[in-house]
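S.K.: this one's structure only:
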């Protein structure tokens, strides 16, 4: 999907830029056990920061929230101010391909729905030096959760991941975590409500608004059709794939 002005306009107005829910964020955080106080967190690819806000509600410390699209960060700053959490959250406009932070400067690195941009294995490798010894990494990654996928959904994701490493199953990503030198704490699949209630329903609403705003715009029609096709694929094949939360620890 081409990332142009219309793409960003659609996603700027969504509560989340991908599937997720606050309960899953809290669950992953809780899997880490007792945390340092204060704790330093880096949220990579934070988007408009629904999970950033939830983390800030549940920790004592600070969060550096990084994204490369300033309107997402502006929305996160507005949300943080409304919640009285602005002193805990610092936004940074930057790229995950060039993480300009000191080594071993974070207790936790967080990335919901974003590590695929750099690639799961590459992300594990490049995020690791920024973690303190004993620090934690929590990411969500799209995975096959059932084998023998129908050809239609397999072909769909082959096209989606055309210029990215192929989508793996959960066991395959567990192996990547171990190869990258982490200790796997655990993993769990996000519930369907994280897709339907928190992502797809808002997407459908904004698709309708975009079509009303830009009647006859071929690019907007293409973008809207792509989003609706994604929703249709999930409706037909949700049992075969999902976002999986992986929680791991850097030895130290």
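M.R.: Alright, I've got the coordinates. Every value quoted in this text rests on a predicted model; they were computed, and no experiment measured them.
S.K.: for the closest residue in space to residue 176 that isn't next to it in sequence, phi and psi?
M.R.: With CB to CB, 6 or more residues apart in numbering as the criterion, residue 176 has its nearest non-adjacent residue at 5.0 Å, and that residue is residue 121. For every residue, glycine as well, the C-beta is placed using N, CA and C. Backbone dihedrals for residue 121, given as degrees, to the nearest 10, come out at phi -70, psi -40.
S.K.: From residue 36, how far off is residue 62?
M.R.: Per CB to CB, to the nearest Å, residue 62 is found 12 Å from residue 36.
S.K.: Repeat that for residue 213.
M.R.: 47 Å.
S.K.: which of those two has more neighbours?
M.R.: Taking neighbours as other CB atoms under 10 Å, residue 213 and residue 36 compare with residue 36 leading, 14 against 11.
S.K.: Tell me the buried residues in the helix or strand where residue 76 lies?
M.R.: Here residue 76, judged by DSSP states H and E, is contained in helix 70-83. By neighbour count on 16 or more other CB atoms under 10 Å, the buried set for helix 70-83 is 72-73, 75-77, 79-80.
S.K.: Just send these back as CSV, with distance to residue 206 too.
M.R.: Formatted as CSV, the buried residues of helix 70-83 follow (distance: CB to CB, whole Å):
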residue, distance to residue 206
72, 15
73, 20
75, 14
76, 18
77, 21
79, 18
80, 23
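S.K.: from these, which single one is nearest residue 191?
M.R.: residue 79 (23.2 Å; CB to CB).
S.K.: quick one: contacts for the nearest residue to that closest one once chain neighbours are set aside?
M.R.: Among residues not flanking residue 79 along the chain, residue 53 sits closest, at 5.5 Å (CB to CB, 6+ apart). Taking CB atoms under 8 Å, 6 or more residues apart in numbering as the contact definition, residue 53 lies against 76, 79-80, 83, 85, 89.
S.K.: cool, and residue 10?
M.R.: Counting by CB under 8 Å, 6+ apart, residue 10 makes contact with 203, 206-207, 210, 223, 227.
S.K.: what's the one helix or strand residue 184 maps to packed up against?
M.R.: For residue 184, the host element (DSSP H and E) is strand 183-189. Counting contacts by 3 or more CB pairs under 8 Å, 6 or more residues apart in numbering; DSSP states H and E, strand 183-189 is packed against helix 22-30, helix 170-179, strand 241-249.
S.K.: residues near residue 101, how many?
M.R.: Residue 101: 15 neighbours (other CB under 10 Å).
S.K.: Repeat that for the one 5 residues further on.
M.R.: Residues near residue 106, counting by other CB under 10 Å, number 24.
S.K.: Which residue, other than its chain neighbours, is closest to it?
M.R.: Among residues not flanking residue 106 along the chain, residue 42 sits closest, at 4.6 Å (CB to CB, 6+ apart).
S.K.: Look up the residues forming beta bridges with that neighbour.
M.R.: According to DSSP bridges, the residues that bridge with residue 42 are residue 64, residue 109.
S.K.: just checking, it touches residue 114?
M.R.: No: the criterion here is CB atoms under 8 Å, and residue 42 misses it with residue 114 at 11.9 Å.
S.K.: ok, those two, which is more surrounded?
M.R.: More crowded of residue 42 and residue 114, by other CB under 10 Å: residue 42, with 25 against 22.
S.K.: which ones are touching the more buried one?
M.R.: In this structure, residue 42 makes contact with 63-64, 66, 101, 106, 108-110, 130, judged by CB under 8 Å, 6+ apart.
S.K.: Which of the residues you listed ranks first by neighbour count?
M.R.: Highest neighbour count within these, by other CB under 10 Å: residue 63, with 28 neighbours.
S.K.: excluding its backbone neighbours, what's nearest that one?
M.R.: Nearest non-adjacent residue to residue 63 (CB to CB, 6+ apart): residue 41, at 4.5 Å.
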